[in-house]
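Colleague: Test case, fold it:
(chains A, B and C)
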Amino acid sequence: MTLFTLLDYAAVLVFALTGALVASRAQLDIVGFFFFACLTAVGGGTLRDVLLDRNPVFWIADPAYLAVACAAAVLVFFTAHRFESRYRVLLWLDACALGIAVAAGSGVAAALGHSVAVVLVMGMITGCMGGLMRDVVSNEVPLILNQGELYVTCAFAGSAATALAWTLGATPGLAALACAAVTIGLRAGSLSFGWRLPVYKSRPPRA
Amino acid sequence: MTLFTLLDYAAVLVFALTGALVASRAQLDIVGFFFFACLTAVGGGTLRDVLLDRNPVFWIADPAYLAVACAAAVLVFFTAHRFESRYRVLLWLDACALGIAVAAGSGVAAALGHSVAVVLVMGMITGCMGGLMRDVVSNEVPLILNQGELYVTCAFAGSAATALAWTLGATPGLAALACAAVTIGLRAGSLSFGWRLPVYKSRPPRA
Amino acid sequence: MTLFTLLDYAAVLVFALTGALVASRAQLDIVGFFFFACLTAVGGGTLRDVLLDRNPVFWIADPAYLAVACAAAVLVFFTAHRFESRYRVLLWLDACALGIAVAAGSGVAAALGHSVAVVLVMGMITGCMGGLMRDVVSNEVPLILNQGELYVTCAFAGSAATALAWTLGATPGLAALACAAVTIGLRAGSLSFGWRLPVYKSRPPRA
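Modeller: The predicted model follows:
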């Protein structure tokens, strides 16, 4: 399981950076930075572990995850003012974290032998839920609601890549790579070039 | 447990329709519809299963639930613009889903031999939490906060009907029917005729 | 475990009062009061039990907790209009509940032999999450986001006091007392005298 441990660490680190950036936007103190860094970093993976009944939850088994998240919080606390647009940095870091976390979530579910549907959902949960908790708790508009952008769709496509790769007999590492590439690629395309799916348009005005 | 499986399917279907309607109000793409349909459909039952330590969670054991939710999402994606007031449709579908989910939640707790208090709470959690997650994540005002309307109260009364029916020795099917009838009846009365309980009124202006 | 049972009861009672006060601010009916009282009262401890895989969850094992929460809701329903500033009462009750719940959460984790990091996090989760759920569901600005106030920081310091006391070999009761005193003392100092940590200040305008 070394691969998934590595992926969990990477996702924790990058999501913690985004959580700390949100704390900086809310002008909190250093403990508030710790709180949002940890919530964002371990939120999605915790939900995955609780739902799959993996016991103990990954950061209870190995608290080093929390140390990584807190280190990220300290880093942001002292350097975030150097970035001209923290929201832009937040978006791109979140894209990377999304890709890694989707790979971690869908990979664990596939390794446990779950069905394709569960692999898809676990990828989406692990990828999206930490950021969603961050946005709900901090009173920001959840990124998944941003119109004309792909977000959940990227997690979905990445999880599908995992499921496909496992079905084709790829190694776990190759599957994780494919998943992260698809997820981050789609999200980057959406952020840079405005890639999007047709959205629902009501003909009568919004009811 | 065939009865509870059926109730779970019905609740998943109707809640998924309400989740997709909320996605249509937020003008999301089809994957956003999937996301809100699944979150609303399985949110309450998932919480019930995690709290009661039923393992695996119902939709992990049988991913067909997710297929039902996604089918509902597709249906709404292509037809929602035909309704003049989607919010009105949402309210009434939510009322039906509430009744079915309360019956499913309180019935499972009663079948597991839990105390009356736990039966009441599980009915309320299974009924209200999926819709609550939908509203919190989509930035809508939670239905349970609507003033001058019965909502949690309907779930409470329905769960009490379940508890009473089990105490009186009714069959699980009859208990579920009574529960759903009480819940939906109360909610319909509140929506149609303005039935309500006295609400708290502060004498000094709202502090 | 009698000490932790007592602490759980006390935290449930005081958090339930705060939940009912929030229900009074939203002008809900008595069942709405029950809902918010129970959500706030058992939210944090439930999350603690699910994460630590303590089974069954404390209020499922002993529904008397729910009775206490509902009694608190009834009390507030009939008396809250007597307070001139319900928000002020809410803040101070929340401070007491925070201290007790942090002691309960960090104490349980320490008694189970978890690492210092897990003790810290469990104290913060048990203390902050019930109130956070209350605020998110009721559409109030979460107390943890209040600027220029210590909140999560108090929970953190209190949990650290627990960890320190256990390391020094103090009895569980003494550790709980130290934890609650540190948490409530810091929070009271912040509310009364404006104690605070330096907050993050962006030099460029808020991005």
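
Colleague: following the helix ranked longest in chain A, which helix or strand shows up next?
Modeller: Under DSSP state H, the helix in chain A containing the largest number of residues is helix A:86-111. Downstream of helix A:86-111, the first helix or strand assigned by DSSP states H and E is helix A:116-137.

Colleague: and that following helix, what's its mean pLDDT?
Modeller: Averaging pLDDT along helix A:116-137 yields 92.

Colleague: Could you list the buried residues of whichever helix or strand comes after that helix?
Modeller: Past helix A:116-137, further along toward the C-terminus, the next helix or strand under DSSP H and E is helix A:152-167. Neighbour-count burial for helix A:152-167 flags A:152-163, A:165-166 (criterion: 16 or more other C-beta atoms under 10 Å in any protein chain shown). Bear in mind the C-beta positions are built from the backbone N, C-alpha and C, glycine included.

Colleague: Leaving out sequence neighbours, find the closest residue to A:Gly173.
Modeller: Spatial nearest neighbour of A:Gly173, excluding adjacent residues (C-beta to C-beta, 6 or more residues apart in numbering or on different chains): A:Leu3 at 5.6 Å.

Colleague: Repeat that for A:Gly189.
Modeller: Nearest one to A:Gly189, counting by C-beta to C-beta, 6+ apart, is A:Trp195 at 4.1 Å.

Colleague: Looks like A:Ile30 contacts A:Val74 (just checking).
Modeller: Yes - under the criterion of C-beta atoms under 8 Å, A:Ile30 makes contact with A:Val74 at 7.2 Å.

Colleague: what about those two, which has more around it?
Modeller: When neighbours are counted by other C-beta atoms under 10 Å in any protein chain shown, A:Ile30 and A:Val74 differ, and A:Ile30 comes out ahead with 20 against 14.

Colleague: Quickly check: stretch A:9-21 near chain C or not.
Modeller: No - contact between stretch A:9-21 and chain C is absent, the nearest approach being 9.1 Å (criterion: C-beta under 8 Å from any C-beta of the partner chain).

Colleague: Check stretch A:86-100 too.
Modeller: Yes - on the criterion C-beta under 8 Å from any C-beta, stretch A:86-100 is in touch with chain C at A:Arg86, A:Tyr87, A:Arg88.

Colleague: Mind checking the pLDDT average for that stretch?
Modeller: On average, stretch A:86-100 scores 89.

Colleague: now do stretch A:18-27
Modeller: Model confidence over stretch A:18-27, given as mean pLDDT, is 90.

Colleague: Now do the buried residues in that stretch.
Modeller: The neighbour-count check on stretch A:18-27 (16+ other C-beta under 10 Å) flags A:Thr18, A:Gly19, A:Ala20, A:Leu21, A:Val22, A:Ala23, A:Ser24, A:Arg25, A:Ala26 as buried.

Colleague: which among the residues of stretch A:86-100 next to chain C gets closest to B:Leu52?
Modeller: Distance to B:Leu52 across the residues of stretch A:86-100 next to chain C (C-beta to C-beta) is lowest for A:Tyr87, with 41.4 Å.

Colleague: hmm, back to that, and the residue nearest to A:Gly189, how close does it get to chain C?
Modeller: Distance from A:Trp195 to chain C, counting by C-beta to the nearest C-beta, to the nearest Å: 24 Å.

Colleague: if we can go back for a sec, how about the buried residues of helix A:152-167 in CSV, adding distance to chain B?
Modeller: Below are the buried residues of helix A:152-167 laid out as CSV (distance: C-beta to the nearest C-beta, whole Å):
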residue, distance to chain B
A:Val152, 5
A:Thr153, 4
A:Cys154, 9
A:Ala155, 9
A:Phe156, 5
A:Ala157, 9
A:Gly158, 12
A:Ser159, 11
A:Ala160, 11
A:Ala161, 14
A:Thr162, 16
A:Ala163, 12
A:Ala165, 19
A:Trp166, 16
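
Colleague: hang on, isn't the residue nearest to A:Gly173 packed against A:Thr171?
Modeller: No - contact status for A:Leu3 versus A:Thr171: not in contact, 9.1 Å apart, counting by C-beta under 8 Å.

Colleague: Those two: which is more packed in?
Modeller: Set A:Leu3 next to A:Thr171 and count neighbours by other C-beta under 10 Å: A:Leu3 wins out with 16 against 11.

Colleague: In which helix or strand does the more buried one reside?
Modeller: Assigned by DSSP H and E, A:Leu3 belongs to helix A:2-25.

Colleague: Tell me the spacing between the residue nearest to A:Gly189 and A:Leu186.
Modeller: According to C-beta to C-beta, to the nearest Å, A:Trp195 stands 7 Å off from A:Leu186.

Colleague: Identify the contacts common to those two.
Modeller: By C-beta atoms under 8 Å, 6 or more residues apart in numbering or on different chains, A:Trp195 and A:Leu186 have these common neighbours: A:Leu150.

Colleague: hang on, the earlier thing: who wins for neighbours among the residues of stretch A:86-100 next to chain C?
Modeller: Highest neighbour count within the residues of stretch A:86-100 next to chain C: A:Arg86, with 20 neighbours (other C-beta under 10 Å).

Colleague: Surely that residue touches A:Thr79?
Modeller: No - using C-beta under 8 Å, A:Arg86 makes no contact with A:Thr79, being 10.6 Å away.

Colleague: sorry, back to before: what angle separates the helix holding A:Leu3 from helix A:86-111?
Modeller: 150 degrees (axes from the mean of the first three to the mean of the last three C-alpha atoms, to 10 degrees).

Colleague: Next SSE downstream of helix A:2-25?
Modeller: With DSSP H and E, the next secondary element past helix A:2-25 is helix A:30-51.

Colleague: helix/strand/coil for A:Gly53?
Modeller: Rather than Gly, residue A:53 is Asp. Following DSSP: H, G, I helix; E, B strand; the rest coil, the label given to A:Asp53 is coil.

Colleague: Low-confidence ranges, chain A, go.
Modeller: Within chain A, the stretches with pLDDT under 70 are A:1, A:84, A:202-207.

Colleague: Show me which residues of it are close to chain B?
Modeller: Within chain A, the positions adjacent to chain B are A:50-53, A:114-118, A:121, A:124, A:128, A:132, A:136, A:141-142, A:144-145, A:147, A:150, A:152-153, A:156, A:196-204, A:206-207 by C-beta under 8 Å from any C-beta.

Colleague: Give me the buried subset of those residues.
Modeller: A:50-52, A:114-118, A:121, A:124, A:128, A:132, A:136, A:142, A:144-145, A:150, A:152-153, A:156, A:199-200, A:207.

Colleague: contacts with chain C among these, please.
Modeller: Among these, chain C is touched by A:Val50, A:Val136 when using C-beta under 8 Å from any C-beta.

Colleague: Give the burial count for the closest residue to A:Thr162 other than its chain neighbours, as a bare number.
Modeller: For A:Thr162, ignoring the flanking residues on the chain, the nearest one in space by C-beta to C-beta, 6+ apart is A:Ser106 at 3.8 Å. A:Ser106: 36 surrounding residues under other C-beta under 10 Å.

Colleague: Just to check, A:Ser106 is in contact with A:Gly123?
Modeller: Yes - contact criterion C-beta under 8 Å: A:Ser106 and A:Gly123 qualify, at 3.1 Å.

Colleague: which residues are common contacts for these two?
Modeller: With C-beta under 8 Å, 6+ apart, A:Ser106 and A:Gly123 have common neighbours A:Gly158, A:Ser159, A:Thr162, A:Cys179.

Colleague: and of the residues you listed, the nearest to C:Gly45?
Modeller: Nearest to C:Gly45 among the shared contacts of A:Ser106 and A:Gly123 is A:Ser159, at 33.2 Å by C-beta to C-beta.

Colleague: residues touching that closest one, list them.
Modeller: Applying C-beta under 8 Å, 6+ apart to A:Ser159 gives the contacts A:Val102, A:Gly105, A:Ser106, A:Val119, A:Leu120, A:Val121, A:Met122, A:Gly123, A:Met124, A:Gly127, A:Cys179.
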